[in-house]
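Trainee: With the sequence up front, the predicted model follows.
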Amino acid sequence: MKFVILACVAAVAFAAPQYSSSEEVEFVPILKDDRVHEEDGTYSFDFEAANGISFSQAGSPDGDEDAVIKAGEYSYTAPDGTDIHVKFVADENGFQPQGAHLPVAPEFPHPIPQFVLDQIAKAAEEDRNRSDDSDERYN
């Protein structure tokens with residue numbers, strides 16, 4: 001676990017933009033940075049910066065091979081001024097984000113086009129014919 005955290009920190013450090021001495025760098029104060037790591041593997045953290053970026057997450061080992069179940073949220077202001085707020089869960093079903101700005105699939109049941117229904121019927125008929133042919137070979 002420590003290696004993963006160290007690798008993440010190193011990746012962020014290498015990905016940070018490199019500024020020349022002539023560029024002015026804006027320093028953003030950190031308003032909150034609370035981190036809790038328990039011996040049983042559970043953790044939580046809350047982070048908030050003066051520029052409106054916030055991130056909170058909690059997790060605990062669970063399931064096979066101590067997989068970590070996580071839940072949290074983050075928010076920031078997009079370059080176009082839109083407030084972005086995402087809540088998420090990451091568990092055995094994968095990463096599941098929710099946010100007003102994220103696209104949503106149409107509700108089911110939605111109408112299935114006729115050409116799709118025709119293709120399903122054709123595949124079922126081919127499967128029946130294939131099983132009939134294999135039955136005849138073994139008789």
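Mentor: Now that the structure is in, tell me what you want to look at.
Trainee: contacts and neighbour counts: CA atoms only from here.
Mentor: Will do.
Trainee: quick one, what contacts the nearest residue to H85 once chain neighbours are set aside?
Mentor: Nearest residue to H85 in three dimensions, chain neighbours excluded: S75, at 4.3 Å (Cα to Cα, 6 or more residues apart in numbering). By Cα atoms under 8 Å, 6 or more residues apart in numbering, the contact set of S75 is G52, I53, S54, F55, D83, I84, H85, V86.
Trainee: Bridged to S75, which residues?
Mentor: Here S75 sits in beta bridges with S54, H85, as judged by DSSP bridges.
Trainee: residue closest to the middle of the protein?
Mentor: F95 (3.3 Å; Cα atoms, centre = their mean).
Trainee: That one contacts F88, doesn't it?
Mentor: Yes: with contact defined as Cα atoms under 8 Å, F95 counts as touching F88 (7.0 Å).
Trainee: All the helices of the chain, residue numbers only.
Mentor: Using DSSP state H, the helices of the chain run over residues 2-15, 114-137.
Trainee: among those, where is the model least confident on average?
Mentor: Here these differ in mean pLDDT, and the lowest is helix 2-15 at a mean of 69.
Trainee: where does this protein dip in pLDDT?
Mentor: Residue ranges of the chain with pLDDT under 70: 1-4, 6, 8-10, 12-13, 15-22, 63, 66, 132-139.
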